[in-house]
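S.K.: Let me see the structure of the following:
(chains A and B)
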Amino acid sequence: QQQVKQSPQSLIVQKGGISIINCAYENTAFDYFPWYQQFPGKGPALLIAIRPDVSEKKEGRFTISFNKSAKQFSLHIMDSQPGDSATYFCAASKDGANNLFFGTGTRLTVIP
Amino acid sequence: KAGVTQTPRYLIKTRGQQVTLSCSPISGHRSVSWYQQTPGQGLQFLFEYFSETQRNKGNFPGRFSGRQFSNSRSEMNVSTLELGDSALYLCASRIGRSGSEKLFFGSGTQLSVL
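M.R.: Reported below is the predicted structural model:
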């Protein structure tokens, strides 16, 4: 059973546009929600992460929005660039159990 | 500071064989985790080692095992390989065991089982 559901599976955005990827979870014990970026031939790299005590976190062009009551969180990439073309994974974990449950990934393509 | 190093980068085996993958964490990192990545199942947690002890295990059969050495380096072993074991095996390290500590991934070992 997929503990973290991610959509869409793929996304094509024009350069300068906003990319939005959504995730949902069921386990209310999750208290750490990171987003990872993976380029072909590389391992995932942490992009940004959030705890459920805040509703939004911004780092540069990347923003996580978190809705605790709906058990949903999303990644917004502002001013998307061709260099952002990669696969993005949301994930969740419970404090004290440090294994991450990953979403199935979103392949983002930013066209010039 | 060198990143997480995994060897070999690519591996081809046949069904029934066994394989050992190696991981060198970032210097100073004591926790090493292993994940399996496949197109169908995505990224799935295999196990985590800290101070040479397995601390957490995912939902994989006993054919998957691992160990950690005193220098924090880790190995993962898969016995009696099956076609479905073909995957990218990722090693990740962090300083301690807190779930919210940054996890650093290696580039993985691509295993193909024929």
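
S.K.: Now for B:Glu52, how many residues are close by?
M.R.: 13 (other Cβ atoms under 10 Å in any protein chain shown). For the C-beta atoms, the positions are set from N, CA and C on the backbone; glycine is no exception.

S.K.: looking at it, it is touching B:Ser70, isn't it?
M.R.: Yes. Applying Cβ atoms under 8 Å as the test, B:Glu52 and B:Ser70 come out as touching, 6.3 Å apart.

S.K.: For chain B, what is the nearest residue in chain A?
M.R.: A:Gly43 (3.2 Å; Cβ to the nearest Cβ).

S.K.: Check the secondary structure at that residue for me.
M.R.: coil (DSSP: H, G, I helix; E, B strand; the rest coil).

S.K.: for it, what are its contacts?
M.R.: By Cβ atoms under 8 Å, 6 or more residues apart in numbering or on different chains, A:Gly43 lies in contact with B:4, B:90, B:92, B:105-108.

S.K.: If I look at residue 6, what pLDDT would I see?
M.R.: Using chain A here. pLDDT, A:Gln6: 97.

S.K.: that's the wrong chain, I wanted chain B
M.R.: pLDDT, B:Gln6: 98.

S.K.: which residues touch the most centrally placed residue in chain B?
M.R.: For chain B, the residue sitting closest to the mean C-alpha position, by Cα atoms, centre = their mean, is B:Trp34 at 3.1 Å. Going by Cβ under 8 Å, 6+ apart, B:Trp34 touches B:23, B:45-48, B:66, B:74, B:76, B:89-92.

S.K.: where does B:Leu11 fall, helix, sheet strand or coil?
M.R.: strand.

S.K.: whoops, I mixed them up, B:Leu46
M.R.: Assignment for B:Leu46 (three-state DSSP): strand.

S.K.: Excluding chain neighbours, what is closest to it?
M.R.: Leaving aside its chain neighbours, B:Leu46 sits nearest to B:Trp34 (4.1 Å; criterion: Cβ to Cβ, 6 or more residues apart in numbering or on different chains).

S.K.: distance of that neighbour from A:Leu100?
M.R.: Using Cβ to Cβ, to the nearest Å, B:Trp34 is found at 12 Å from A:Leu100.

S.K.: Are there residues contacting both of those two? Which ones?
M.R.: Joint contacts of B:Trp34 and A:Leu100 (Cβ under 8 Å, 6+ apart) are B:Phe45.

S.K.: Name the helix or strand of chain A that has the lowest mean pLDDT.
M.R.: Lowest by mean pLDDT, DSSP states H and E among the helices and strands of chain A is strand A:97-102, with a mean of 83.

S.K.: What residue in chain B comes nearest to chain A?
M.R.: Across chain B, the shortest distance to chain A (Cβ to the nearest Cβ) belongs to B:Phe105, at 3.2 Å.

S.K.: Identify the bridge partners of A:Ser19.
M.R.: Beta bridges link A:Ser19 to A:Ile77, judged by DSSP bridges.

S.K.: Would you give the sheet partners of whatever helix or strand A:Trp35 lives in, along with the direction of each?
M.R.: A:Trp35 belongs to strand A:33-38 when assigned by DSSP states H and E. Strands that pair with strand A:33-38, judged by DSSP bridges, come out as strand A:45-50 (antiparallel), strand A:86-94 (antiparallel).
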